[in-house]
Structure formats: structure tokens, C-alpha cells
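S.K.: would you be able to build a 3D model of this:
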Amino acid sequence: MKKYIIPICSALMLGTSSCSESFLDLNPPTQIPTNEYYVSKAHMQELLVSAYTPLIYFDWGQNEYNPLNVMSDIMADDMYCGGSSATDNENWHLMANYSATPVKVIAGLWTSSYNGVRRCNYVEEYMPNIVDIDDDTRSLWLSEAKVLRAFYYSIVWKFWGAVPYYRENLQFPYTSAKSSADDVYSGIITDIEEAIAIGKLPLRQENETLSGRVTMAMAYMLYADVVMYQKDAARYSKALDYMKEIIASPLYGLDDDLEHLWTEAGEWNEEVIFSINYFSNGASRSWDNPYYAGGTVLPTLISPYGLASGTECNGVALVDGWGFGAIPVETYNAFEAGDKRRDASINDLRGVSYEARYQDTGLWLRKYCARSGNNEGQIADAVLNWNNDLRIYRYAETLLNAVELSLLGGGSGDIQTWFDEVRGRAGLASKPATIDNVLAERRVELLGEGKRYFDLIRSDKAQSTLVPNEYRTIGWTPNKKHLPIPQNEINSADGQLEQNTVY
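M.R.: From the prediction side, this is the model:
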């Protein structure tokens, strides 16, 4: 059967579900067969660009809000769900209480990830057809697709564990059984190792117009990320070597201005290794179509509701939002006295007039807050088109990874120097570089960046830390490490896809 470029299907078709019967039409009157279309460098470049596109859906996809950083943070201890009540974005609240069900669980991260996997697979499938391309470009683009595919799979692997894994797109009836979580991890690692071995990725994109494209440093960070989460001790040494290579490079370093780091002007500075790009000028994401290019809804979601226009916090004029994602007081208090990161990370609006919503604490994430002017130039719906890039990997995390990998037996290094560099930027004195101190440092350094939940799991501290509290009636247990697979995916898989056991 031939496959055809059908605009709706090619953009939105999911990894384990069929798109429509029109996909089976053998002789569509207006479409070009894909094996006839993807034969030129220009068209392959279009396909590669499309493989990046699902990244922007990691704030809003499948008709639900699912910011990548928030979805894990609400399951940890550094962010409340909030909203108007426990039924506002109910799936969030159920996840935070480890009570998600197959019917009530985020599906957007699943579908967006498999959307990305599908497009990366196509890059690999059609690349041999391209004749007007030099070997270096071919190798570079294949490397980008491999790392992107690994990144997409890393998301479903962390949230769901055992999931369908394939590197060749599914054929009719487009269903797949699950692979074990270990096999998914093996596939992720294989893709990253293959891309690194090709050796064509630049350590950093020095042409700013290419910011957001995969780099070798991004591949290194993803490698360390999944290796540490898997507790794959056999690869700690290699992961540490990769962190050392980034540290030794003059292309990366810490931004001395913590406030600058989280502004539009601070995007893609020397500290940023990989981000998901959003923009406001000409942004057209709308209520009618969240898949249009443009900004992000994240700042609207996590800013206080009913905040008066022009309200300032530490010199920044704020804009109100929907009141999700309040920061617990305990998190605010986790910062040491004099830690510059506290006020650069959290807006303390206790005593400021606004409409307090469910789980309100008066404390809000500053890193991605709705700042006045950050959606200027948008041409659709202002609350959906903020220009805040979502930072995925930063140099500060590189330093902390290197410290931890060394302590875990990955090799030797300037452990105390690396640790003190992170603390020194925050205005803090030296402190012994121990595993517990590194984890505590990661909590305050990476607050609101989607790291805490997975750090607690891999360090075996989740069960003792994520216990019942004022809003959480159920404590975390190992059988709740993974979410239930969305029921729609189970239904569309014709019996091929088994639900995670506990659900």
C-alpha cells in the first residue's frame, strides 16, 4: 500500500491510532505519494522541521493543558495544582494525589510524543531517497532525528514506563503492543549513542537562527538524564565524560544574572543548552487551533487570578492568569538564607490583592510568570501566546550532574569546585558535595523545571517524601511510579496494548 501526504493526517496522526479511512485511499486525486515527494533535500528539510514541531505542544495538546514541567512537578512536593477547585483541570489533581485513572489522566504528552516519534521515523525512512544532499548534511539531519526521537520516547518512558516502542512507523491497522520499560530505555540509549557516534552534531549552535536545533551538548544531557534515571551504573562513567566535555568547553557557562536568565533577552545565553522555542511577535496560536505556531499558554496557567494590571514584584510588572501552580510555603523555606535564587524563582505576592483560588499560598513561580510585554505582537489570543521559552537543560544542571555522577562512582573530577560554582552563583558559601546535598541543591536550583519528581524517584526518596498532607490524601508508593495509559489509546489498539498493571 502506498502512503500519501494528507495534511491533516501528517500533522496530527498519533502513534497508536488510525487517522481516518481517507488514509487508505489508494488513488487520492490531489496528494503526492510520499515516496515521490521526499526525494529532494528541500523536502527532507521540511520533514525534519516538522519533527521539531510537536515540541511546542508540550504545554497544550489533545485538547488539554499539559505543560511538561508542571505535569511532573505537581506529582512532587514543589507545586500545587490550584485552579478554582479540585475539579478544575481535574486530571492534574488526580495525578497529584496518585489517583489518576485511564479515563482521567493527561493524554497530551502521550499523543504529542508519539506525533514526534512518527515524524522522526519518517526522516530516517525517507533519507535514503534523497540524492541532492551531501554526506555531512545527511548525517547531521539523521543525528538530529535520532536525538529528537530519543527525547520524545524519554517523556513517555518516564511518565508511563512500558510503552509501544518502534523505529519504523506502524502499518495498518497502526497498533502496537508495549515494550518493557527496560527495552524502551535500551532504544532511547541506542538512538543517542548512534547520534553521538556519527559525530556531526555541533556542541552548540553558534548561528542564533538555529537555536532550538539539537546539539551534541543536548544529546549529552539527555544521555545523562536517562542514564541517571535508569540507575545504569555501567554508563555513569561515559555520562560523566560527556558532562566534563561540556564543562571544559568555553561555549557554556553560568549566567551571573539570575533574573536575566529567565527573560526573553536571556534565552539561548551561555547557560542554556536546550529549550523549546516560543515567540509572541506574529504568534497565531488560538482557541480554534492550538497547533498554530507562536507562544505558550504556560505563563497564563501559573500566574495568580485577578491580579491588578501593573502589579509589580521585584521590579517586574506582572499580568494575571488562571491561578494554577501555586508554590508551597515549605518550598519557599527550602532556600537557605541569602540564596539569590529564591527571589529569582518565586514571586512572593503574600499581602498583594488578587483573587485567591484553591490551594493558594501567595507564592508563584517567577521563572515562567506572565510578564507585561511578553506577549506583544501576537495576532490571535493574547493569553495563549507568551514568548517564554521552556528551558529543558541548563549548564547549572550539567555541573550538578557531574558532581552526582562522580559521587555515584562514575569517576573522579573537581567535585567540590563544580558544586561550589553553582552555590557561589547563588551567593552561598561552600558546602560539602554529598549526594544528599546535591539533591537538595537540585531542588532549589531547578525549581519549576520538571526535575524534582524524577529526582525523588531515582534517589529512592519518593516514598518518604511524597506523603499525605493537607491536599494529598494518598502517599506515593512504587506501584504509582507510572501513570495509567490513556483509555483512548487502549481502545484504539484493538487489544494489542495492555494497561499498566496497577490500573
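S.K.: can you give me how far stretch 43-51 is from the chain middle?
M.R.: In terms of C-alpha atoms, centre = their mean, to the nearest Å, the centre of stretch 43-51 is set 21 Å apart from its chain centre.
S.K.: give me the contacts around that stretch.
M.R.: The contact list for stretch 43-51 (C-beta atoms under 8 Å, 6 or more residues apart in numbering) reads 10-11, 37-38, 116, 119-120, 122-123, 126-127, 130, 133, 141, 144-145, 148. In this view, the C-beta of every residue, glycine as well, is placed from N, C-alpha and C.
S.K.: keep only those of these that are in helices.
M.R.: Where the contacts of stretch 43-51 overlap with helices, as defined by DSSP state H, the overlap consists of 10-11, 37, 116, 119-120, 122-123, 126, 141, 144-145, 148.
S.K.: pull out the buried members of those.
M.R.: 10, 37, 116, 119-120, 122-123, 126, 141, 144-145, 148 (16 or more other C-beta atoms under 10 Å).
S.K.: just name the closest of those residues to residue 304, please.
M.R.: Minimum distance to residue 304 across these is 32.7 Å, recorded for residue 116 (C-beta to C-beta).
S.K.: next one, pLDDT for the closest one please.
M.R.: The per-residue pLDDT reported for residue 116 equals 98.
S.K.: check the one 5 residues further on too.
M.R.: Reading off the confidence values, residue 121 has pLDDT 98.
S.K.: and the one 5 residues further on, by the same measure?
M.R.: Per-residue confidence (pLDDT) for residue 126: 97.
S.K.: just to revisit the earlier point, which of the buried ones among the ones in helices among the contacts of stretch 43-51 sits closest to residue 157?
M.R.: Minimum separation from residue 157 among those (C-beta to C-beta) is found for residue 116, which lies at 13.4 Å.
S.K.: the closest one against residue 149, yeah?
M.R.: Yes: taking C-beta atoms under 8 Å as the definition, residue 116 is a contact partner of residue 149 at 7.3 Å.
S.K.: so which strand or helix has residue 187?
M.R.: Residue 187 is part of helix 181-198 when elements are defined by DSSP states H and E.
S.K.: next helix or strand past that helix?
M.R.: Per DSSP H and E, helix 181-198 leads on to helix 216-230 as the next helix or strand towards the C-terminus.
S.K.: quick one: work out the angle between that following helix and helix 181-198.
M.R.: Using axes from the mean of the first three to the mean of the last three C-alpha atoms, to 10 degrees, the interaxial angle of helix 216-230 with respect to helix 181-198 works out to 160 degrees.
S.K.: what mean pLDDT does helix 216-230 have?
M.R.: For helix 216-230, the mean confidence score works out to 98.
S.K.: report the separation between residue 69 and residue 45.
M.R.: Using C-beta to C-beta, to the nearest Å, we find residue 69 at a distance of 30 Å from residue 45.
S.K.: more neighbours: which of these two?
M.R.: Comparing residue 69 with residue 45 by other C-beta atoms under 10 Å, the one with more neighbours is residue 69, at 26 against 14.
S.K.: quick one: contacts for the residue lying closest to residue 352 once chain neighbours are set aside?
M.R.: Nearest residue to residue 352 in three dimensions, chain neighbours excluded: residue 311, at 6.2 Å (C-beta to C-beta, 6 or more residues apart in numbering). With contacts taken as C-beta under 8 Å, 6+ apart, residue 311 has the following neighbours: 317-318, 349, 352, 354.
S.K.: how about the nearest residue to the residue positioned nearest the centre of the chain, chain neighbours excluded?
M.R.: For the chain, the residue whose C-alpha lies nearest the mean C-alpha position (C-alpha atoms, centre = their mean) is residue 68; its distance is 4.6 Å. Leaving aside its chain neighbours, residue 68 sits nearest to residue 58 (4.1 Å; criterion: C-beta to C-beta, 6+ apart).
S.K.: pretty sure the one you found is touching residue 64, no?
M.R.: No: using C-beta under 8 Å, residue 58 is not in contact with residue 64; the gap is 11.9 Å.
S.K.: mind checking which of these two has more residues around it?
M.R.: residue 58 (25 against 16).
S.K.: in contact with that one, which residues?
M.R.: When contacts are counted by C-beta under 8 Å, 6+ apart, residue 58 is found next to 66-68, 108-109, 112, 155, 276, 390.
S.K.: same thing but 10 Å
M.R.: 66-69, 71, 108-109, 112-113, 116, 152, 155, 276, 296, 298, 390, 392, 450 (C-beta atoms under 10 Å, 6 or more residues apart in numbering).
S.K.: separation between it and residue 277?
M.R.: Noted for residue 58: a distance of 12 Å to residue 277, by C-beta to C-beta.
S.K.: what do the two both touch?
M.R.: Taking C-beta under 10 Å, 6+ apart as the contact rule, residue 58 and residue 277 both touch 296, 390.
S.K.: quick one, phi psi at residue 302?
M.R.: As for residue 302, its main-chain torsions (degrees, to the nearest 10) stand at phi -110, psi 20.
S.K.: count of residues packed around it?
M.R.: Using other C-beta under 10 Å, residue 302 is surrounded by 28 other residues.
S.K.: can you give me the pLDDT of it?
M.R.: In this prediction, residue 302 carries a pLDDT score of 98.
S.K.: again with residue 290
M.R.: On pLDDT, residue 290 comes in at 89.
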